[in-house]
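Peer 1: have a look; sequence and predicted model below, questions after that.
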Amino acid sequence: MSRKNGFSMLELVMVILIIAIIAATAMPRFMDNSKQAHASSIAATGGALASAVILLRGQWVSNGQLGEQDNVNGYGNSDIATTSQGWPSDAGRGSASNHSAMIEGDHRRCRRIWQGLLVKSAPSVVADETLKSDYLAVASSGSLCVYQYRSNKNHGEIIYNLSSGDVQTLLH
């Protein structure tokens, strides 16, 4: 008597069917984890930006400087400018810094603030929407810098208000 080794066609179909059912059940959970990971990334970045704004203002106060400053000594590269209230208003421009709390549509200025406040390993930001990055800096006609998250279809954004120093993280 000879025995056949191997699987029958029915056994193979059943194994494939079981794997397909498991994959169909697990896939939505993995997709949900991806959305949560993106949301966590946005929240963490917003928290980092809020902390950086407060730390810079704290350094401005501890330096005993009042009013607009071109460079706040003791924070980062000491190249961040402030408004008259001590909130970050520009970066990397020295005496050419803009101290106004009104951003007036200057996307590049929003990008400079982001890059001046956050460490070099922070998520990337651009002011030109044709370029690839993690965030797009968009300036309002008022005092808001809006950093739109671009790495996920369910966008979120971080909003920095130059007149109050307030940072909000919004998840859509």
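Peer 2: Perfect, I can see it now.
Peer 1: what is the least confident helix or strand in this structure?
Peer 2: Using mean pLDDT, DSSP states H and E, helix 9-62 stands out as the lowest-scoring helix or strand of the chain, at a mean of 86.
Peer 1: what's downstream of that helix, the next helix or strand?
Peer 2: Following helix 9-62 in sequence order, the next helix or strand is strand 80-82 (DSSP states H and E).
Peer 1: direction included, what does that next one pair up with?
Peer 2: strand 88-91 (antiparallel) (DSSP bridges).
Peer 1: other SSEs contacting the next helix or strand after the partner strand?
Peer 2: Remark: after strand 88-91, the chain's next helix or strand is helix 107-117, criterion DSSP H and E. Contact here means 3 or more Cβ pairs under 8 Å, 6 or more residues apart in numbering; DSSP states H and E; on that basis helix 107-117 packs against helix 9-62, strand 80-82, strand 88-91, strand 125-126, strand 135-139, strand 144-149. For the C-beta atoms, the positions are set from N, CA and C on the backbone; glycine is no exception.
Peer 1: okay, these in CSV with distance to Asn73 and mean neighbour count next?
Peer 2: Converted to CSV, the helices and strands packed on helix 107-117 look like this (distance: least, Cβ to Cβ, whole Å; neighbours: other Cβ atoms under 10 Å):
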stretch, distance to Asn73, mean neighbour count
helix 9-62, 8, 13
strand 80-82, 10, 26
strand 88-91, 14, 26
strand 125-126, 25, 22
strand 135-139, 26, 22
strand 144-149, 23, 22
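Peer 1: export these as JSON lines, with columns for distance to Trp114.
Peer 2: Formatted as JSON lines, these follow (distance: least, Cβ to Cβ, whole Å):
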{"stretch": "helix 9-62", "distance to Trp114": "7"}
{"stretch": "strand 80-82", "distance to Trp114": "11"}
{"stretch": "strand 88-91", "distance to Trp114": "8"}
{"stretch": "strand 125-126", "distance to Trp114": "5"}
{"stretch": "strand 135-139", "distance to Trp114": "6"}
{"stretch": "strand 144-149", "distance to Trp114": "6"}
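Peer 1: right, and these - which one's nearest Arg109?
Peer 2: strand 88-91 (5.8 Å; Cβ to Cβ).
Peer 1: between the least confident helix or strand of the chain and strand 135-139, how many degrees?
Peer 2: Angle, helix 9-62 to strand 135-139, by axes from the mean of the first three to the mean of the last three Cα atoms, to 10 degrees: 40 degrees.
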